[in-house]
Each structure stands twice: as C-alpha cells, then as structure tokens.
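> what follows is a predicted protein model with its sequence.
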Amino acid sequence: MNKHVVYMLRCKDSSLYTGYTNNLEARLEKHRVGKGAKYTRGRGPLVLEAFQTYATKSEALQQEYRLKQMTRERKERWILNCKKGGAKEDENSKEL
C-alpha cells in the first residue's frame, strides 16, 4: 500500500514549498537533483521541514490545497505542530 504524503520544504531564500507524493524519499531526491517542481529549482539547498501521511490520495490532496491557501504564519504553525508529534522526528529538518 502506498503512503499518501503532504510535505513542506524550506528553500534557501526561506520560502516554503508544499507538495504531495506517494513516495517521499524518491520525491525529495528529485527535488535535490533539480528534477522536482520548477519552483524549487535553483532555490536549494532545501530542508524538509514537516510531512504528514494520509490514508487516501483524496485526503492528502485536500490537505495540500488547504496548506497552499494558508498564510505564511499559519504554515509555520503547521510545521511546529508536525514537529511536536505529527511527523517522524528523524525526517524533520533534513537538508537535501
């Protein structure tokens, strides 16, 4: 069974990128080598700030949309909440 993951990256310019994937490690590698989203190309190094997994693709895509609509302040709070227990501790703040 694939995991449906919503993740947030912090770019070198401190901007935040939100994305969806069903294979987080592979997607992070694509971002690292410049084959990921156009937005993240040239904005490295990237840091994985937070991620959450969902049971269905639909739930994950809905959350991705909600996150993209949030203000920066709310995104920063989401990151903090994930780090407090909503995300795997060893995967947070991983530089790409």
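Thanks, I have the structure now.
> and the strands in this structure, which stretches?
For the chain, the strands defined by DSSP state E cover 4-10, 16-21, 47-54, 94-95.
> the residue nearest to residue 57 when sequence neighbours are not counted: neighbour count?
Spatially, and ignoring its direct neighbours in sequence, residue 57 is nearest to residue 4 (5.0 Å; Cβ to Cβ, 6 or more residues apart in numbering). C-beta coordinates here come from the backbone N, C-alpha and C atoms, glycine included. Look at residue 4: counted by other Cβ atoms under 10 Å, it has 20 neighbours.
> state the distance from residue 4 to residue 27.
12 Å (Cβ to Cβ, to the nearest Å).
> next one: residue 46
11 Å.
> residue ranges with poor pLDDT in the chain?
1-2, 86-96 (pLDDT under 70).
> rerun at 90
Applying pLDDT under 90 to the chain flags residues 1-2, 36, 42, 44, 83-96.
> list the buried residues for stretch 7-26?
7, 8, 9, 10, 11, 16, 17, 18, 19, 20, 21, 24 (16 or more other Cβ atoms under 10 Å).
> contacts only, for residue 63.
6, 52, 54 (Cβ atoms under 8 Å, 6 or more residues apart in numbering).
> so which of those wins on neighbours?
residue 6 leads those on contacts (other Cβ under 10 Å) with 26 neighbours.
> thought it was touching residue 64?
Yes: contact criterion Cβ atoms under 8 Å: residue 6 and residue 64 qualify, at 4.9 Å.
> common neighbours of these two, please.
18, 19, 20.
> with distance to residue 82 added, can I get these in JSON lines?
Formatted as JSON lines, the shared contacts of residue 6 and residue 64 follow (distance: Cβ to Cβ, whole Å):
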{"residue": "18", "distance to residue 82": "12"}
{"residue": "19", "distance to residue 82": "14"}
{"residue": "20", "distance to residue 82": "15"}
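> of these, which is the nearest to residue 78?
Taking Cβ to Cβ as the measure, residue 78 sits nearest to residue 18 out of the shared contacts of residue 6 and residue 64, at 9.3 Å.
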